[in-house]
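Student: sharing a sequence plus its predicted fold:
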Amino acid sequence: MNGIPARFGVDTAKNVFAIYGVDKFDKEVVSKVVSRKKVLAYFANISPVIIGIEACGGSHYWARELSNLGHEVRIISSQFVVPYRHKGKNDINDAQAICEAIGRPGMHFVAHKSEDQQSILMAHRIRSLSIGRRTALINQIHGYLHEFGIVVSRGRHKLKRDLHEVLASDKLPDIVIELLHGLLIALIREEENIEHLDSMIESWAREDERTLRLLELEGVGPLTASAVVATVGDPSMFKNGRQMAAWLGLVPSQHSSGGKSRLGGITKRGDRYLRMLLIHGARTVLLKSSRGTAKHQDWIEGLRLRRPDNVVAVAYAAKQARMMWAIMMGKQQLTAS
């Protein structure tokens, strides 16, 4: 090591890690590859420094481990790293780009996630996967029955009812009945798995104080509340609620030049799953507004006079994101006091 390192960029992998370090004058002092087993031992012998890691699988684990050693760990999105890679792509060049990117002023970083946050987000992802498999099974059953001239009702509950009747009849060959019975069993298992995951997520949501406070918002259920708390983590990384809405891709995109401001559709940046949950929740609030029972009915109906329902739903989702930020910041202030 030629000097005292002030900042490191670490390119993580399964077996080997590329490490690139610079001193306070941005002069290279370290450029090496270390095996996975020796990474923690290497940084344990170094005075607290800034360490940059690209957001990827395992980045939050390494952020927790390196933070426990006293280092300041910054997780950065890969889209902000690419512009600083000036040479061909390899592990050392990636580490160098990470090291340079985390030192730029105004750079945005990913908040660290705890094990609890990662666990509940894992449940959300598995649930989404099961819903996709359930939809595929339903479509597959509809398609196979249609090939034999049988059309059943739409909707999964009616489908199971009609499918039981089809399986009990003698309209289809024995092999087809056996195969459809297997698809039905698989469908039931997916539904049971989804119910179990829903129960698990709801149980976690009822035990977390921040999630309970978010549940007081109209159009927010255990799924949305738990996903927001687990994904956002520390709301203080946003200066205001609009920044959080922008982080979720719920604000208009800008195409401004020459002093003329032009706004387009929403940016759709950030977590697609979280944005979907917020917009679906907003649609339920619009339905309540149509019945005259929504809390923000005047605001919603006033916007409906000027904009289509889809635009209103997205606008209300952005409004919900801002209110969520305010609630979570209030919780943090209470904790700090």
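Tutor: Received it, and whenever you're ready, just let me know what you need.

Student: the stretch 1-150 of the chain: helices as residue ranges?
Tutor: Secondary structure of the stretch 1-150 of the chain by DSSP state H, counting those that start in this stretch: the helices cover 39-44, 59-68, 78-81, 91-101, 115-147.

Student: which outside residues touch the second one?
Tutor: If I follow you right, that is helix 59-68. With Cβ atoms under 8 Å, 6 or more residues apart in numbering as the test, helix 59-68 has contacts from 10, 12, 39-40, 43, 51, 53, 73, 75, 110, 112-115, 118. C-beta coordinates here come from the backbone N, C-alpha and C atoms, glycine included.

Student: next up, the contacts around the spatially most central residue of the chain.
Tutor: Nearest to the mean C-alpha position of the chain, by Cα atoms, centre = their mean, lies residue 271 at 4.2 Å. Applying Cβ under 8 Å, 6+ apart to residue 271 gives the contacts 231, 248.

Student: any idea how far residue 176 is from the residue of the chain most remote from its centre?
Tutor: Residue distances from the centre of the chain (Cα atoms, centre = their mean) peak at residue 170, which lies 47.7 Å from the mean C-alpha position. Applying Cβ to Cβ, to the nearest Å, the value for residue 170 to residue 176 is 11 Å.

Student: so the residue nearest to the centre of the chain versus residue 199, what's the distance?
Tutor: Residue 271 is 23 Å from residue 199, by Cβ to Cβ.

Student: likewise for residue 25?
Tutor: Where residue 199 is concerned, residue 25 sits at a distance of 56 Å (Cβ to Cβ).

Student: hey, where'd the helices end up in the stretch 151-300 of the chain?
Tutor: Under DSSP H, counting those that start in this stretch, the stretch 151-300 of the chain gives helices at 156-168, 174-207, 209-214, 222-232, 241-247, 272-290, 297-304.

Student: could you dump these to JSON lines with distance to residue 63, mean pLDDT and mean neighbour count?
Tutor: Shown next, in JSON lines, are the helices of the stretch 151-300 of the chain (distance: least, Cβ to Cβ, whole Å; pLDDT from 0 to 100; neighbours: other Cβ atoms under 10 Å):
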{"stretch": "helix 156-168", "distance to residue 63": "41", "mean pLDDT": "91", "mean neighbour count": "14"}
{"stretch": "helix 174-207", "distance to residue 63": "22", "mean pLDDT": "95", "mean neighbour count": "15"}
{"stretch": "helix 209-214", "distance to residue 63": "21", "mean pLDDT": "93", "mean neighbour count": "19"}
{"stretch": "helix 222-232", "distance to residue 63": "16", "mean pLDDT": "95", "mean neighbour count": "23"}
{"stretch": "helix 241-247", "distance to residue 63": "19", "mean pLDDT": "93", "mean neighbour count": "20"}
{"stretch": "helix 272-290", "distance to residue 63": "21", "mean pLDDT": "95", "mean neighbour count": "19"}
{"stretch": "helix 297-304", "distance to residue 63": "40", "mean pLDDT": "94", "mean neighbour count": "15"}
